[in-house]
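**Student:** sequence plus predicted model, see below.
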Amino acid sequence: MQTVYDNKKVCCGCTACKCICPVQSINMIADEEGFLYPDINHEQCISCGLCKRICAFQNKNYTADSIRVPEVYAAKHKDDDVRKKSSSGGAFTAISDHILLKNGVVYGAAYDESFRVVHKRAQTTKERDELRGSKYVQSDLNNAFIDIKEDLTNDRIVLFTGTGCQAAGLISYLKNAHVDTKKLITVDLICHGVPSPNIFKDYIFYLEKKNRSKIKQYFFRSKVNGWGHTEEAVFENGRNDYTSRLSQAHKELFYSDLCLRPSCYNCKYACIARPADITIADYWGVEKYFPKFYDKLGVSAILINTNKGKEVFLESADCMEYIKSNINDCASRQNNLHSPTPINPQRAEFWSDYLHHGFNYITKKYTHYGFIKRIRRLVIYILKRIRGLI
Ligand SMILES: Cc1cc2nc3c(=O)[nH]c(=O)nc-3n(C[C@H](O)[C@H](O)[C@H](O)COP(=O)(O)OP(=O)(O)OC[C@H]3O[C@@H](n4cnc5c(N)ncnc54)[C@H](O)[C@@H]3O)c2cc1C
Ligand code: SF4
Ligand code: SF4
Ligand code: SF4
């Protein structure tokens, strides 16, 4: 019987197999962690083997016309407001503005009406603004690859932005679907890993319950405290929270590496050879290498991986200040340019706790949100023991 992946470590959920199947016999189905995996309808499948053959993650078979060592820049958008609304220095806005000016279309990760992270297509700056900002949750690509194929077939310029594995999946899909990719520009991110959509869904629900109000906006990388990582929820009742322990609980879960997709611990793109034309990231450590260039609203690292990438960067660079750097300095604070994020040894326990006891339980057990309660319980326990001794 045809299979498309043997274990979860080798499937990043890129949808390329689903999109290429000639008889549409693959659906993407969420597992108990909320990550999507291809599921073959064996009654329809004609066993052509294409799905597995084109899987970039399992074969790592993309052929970017790579300049082997990327050209690296530290860059920042000249507009303070853009930097404020971007996670790093606003490189994404600079590049996507240029594509929109050329009547191109831009694909990237946005929220839907219930804060699920999904890939959307933007043709205007207003639509593009929804794609701004990192969302630390795996995005659902849905039919983005098929829409991109249609755009390219209609001779549109397309900018695709996403994780390395998504960019590699797209490139492999288009190549195998025999689509001309001259007008495709790909931008990927240096990527720590993508957390579970189910955990984020429960988190939003929990925040709304605690604050007795729906959430209006959620920023994974709010700039209220400057460039760094502060998460901020804005509620319909006028409250906004970026200071409570609960407001930073999702961030803690992200960095604990307890709820990343299994393939992230086995990432094929945690290296300097990138699948995309351009790679963007935070330029962590810029204050050491270019102290005068440091900016409290953020600085981007831009890695130019291909000749096409260089052309697009130069064409979009007018709205940025930039300075030439090198891969060694840029990679010195980027673990995920060297190796995948290591799995947290408590991951299995975490998911067992989640599945048996739910979100409230794991948040209190695995983040500082439950810290005060744990201390209070400990103090009560100690007092009881002392009283018992007296
Ligand atoms: C899951 C994740 C992990 C990351 N890990 C690192 C890291 O380890 N080191 C580092 O330096 N940078 C990392 N980044 C990249 C960084 O956070 C910024 O996204 C990047 O520097 C671009 O910032 P910007 O200011 O140019 O533009 P922004 O406007 O902030 O750009 C947002 C861009 O990110 C894309 N994006 C947002 N969320 C997702 C998502 N869930 N899936 C796919 N694409 C998405 C959008 O499509 C858009 O292109 C990560 C980003 C994500 C989403
Ligand atoms: S990595 Fe992509 S192409 Fe490969 S099996 Fe998973 S969804 Fe399919
Ligand atoms: S083997 Fe062919 S028909 Fe079957 S699921 Fe894969 S691509 Fe579709
Ligand atoms: S860490 Fe690797 S596998 Fe995971 S989302 Fe990022 S690029 Fe994909």
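**Tutor:** Sure thing, it's come through. Residues are numbered from 1 along each chain as shown. Ligands and ions are numbered 1, 2, ... in the order given.

**Student:** what segments of the chain are strands?
**Tutor:** Counting by DSSP state E, the chain has strands at residues 26-30, 36-40, 66-77, 105-111, 117-122, 158-163, 184-189, 215-222, 230-235, 240-241, 278-282, 300-306, 320-324.

**Student:** weakest of the ones you listed by average pLDDT?
**Tutor:** For the strands of the chain, the bottom mean pLDDT is recorded on strand 66-77, which sits at a mean of 87.

**Student:** ok, now how distant is the residue in the chain positioned nearest to ligand 1 from residue 132?
**Tutor:** With Cβ to the nearest ligand atom, the shortest gap between the chain and ligand 1 falls at residue 108, namely 2.5 Å. Where you see a C-beta, it was placed from the backbone N, CA and C, and this is true even at glycine. Counting by Cβ to Cβ, to the nearest Å, the gap between residue 108 and residue 132 amounts to 8 Å.

**Student:** neighbours of the residue of the chain closest to ligand 1, how many?
**Tutor:** By other Cβ atoms under 10 Å, 24 other residues sit near residue 108.

**Student:** one more: residue 178?
**Tutor:** Look at residue 178: counted by other Cβ under 10 Å, it has 7 neighbours.

**Student:** buried ones in the lowest-mean-pLDDT helix or strand in the chain?
**Tutor:** Averaged element by element with mean pLDDT, DSSP states H and E, the chain has its least confident helix or strand at helix 371-389 (a mean of 76). By 16 or more other Cβ atoms under 10 Å, helix 371-389 has no buried positions at all.

**Student:** contacting residues around that helix?
**Tutor:** Contact with helix 371-389 is made by 245, 364, as judged by Cβ atoms under 8 Å, 6 or more residues apart in numbering.

**Student:** who in the stretch 51-200 of the chain is up against ligand 4?
**Tutor:** When proximity is defined as Cβ under 6 Å from any ligand atom, the stretch 51-200 of the chain approaches ligand 4 at 163, 164, 165, 191, 193, 194.

**Student:** for residue 269, give me its contacts.
**Tutor:** 163, 164, 165, 168, 188, 191, 275.

**Student:** same thing but at 6 Å, please
**Tutor:** Neighbouring residues of residue 269 by Cβ atoms under 6 Å, 6 or more residues apart in numbering: 164, 165.

**Student:** over to the one 3 residues further on?
**Tutor:** Under the criterion of Cβ under 6 Å, 6+ apart, the neighbours of residue 272 are residue 337.

**Student:** for it, give me phi and psi.
**Tutor:** Residue 272 adopts backbone torsions of phi -80, psi -30, taken as degrees, to the nearest 10.

**Student:** got the contact list for the residue in the stretch 101-250 of the chain positioned nearest to ligand 3?
**Tutor:** The stretch 101-250 of the chain approaches ligand 3 most closely through residue 176 (10.3 Å), counting by Cβ to the nearest ligand atom. Applying Cβ under 6 Å, 6+ apart to residue 176 gives the contacts 20, 54.

**Student:** show the pLDDT at it.
**Tutor:** For residue 176, the predicted pLDDT is 97.

**Student:** ok, now how distant is it from residue 273?
**Tutor:** Distance, residue 176 to residue 273, by Cβ to Cβ: 21 Å.

**Student:** what sits closest to residue 271 if chain neighbours are left out?
**Tutor:** Leaving aside its sequence neighbours, residue 271 sits nearest to residue 337 (Cβ to Cβ, 6 or more residues apart in numbering; 6.7 Å).

**Student:** out of the strands of the chain, which is closest to ligand 2?
**Tutor:** The nearest among the strands of the chain, by Cβ to the nearest ligand atom, is strand 36-40 at 4.7 Å.

**Student:** list the helices and strands the closest one packs on?
**Tutor:** strand 26-30 (3 or more Cβ pairs under 6 Å, 6 or more residues apart in numbering; DSSP states H and E).
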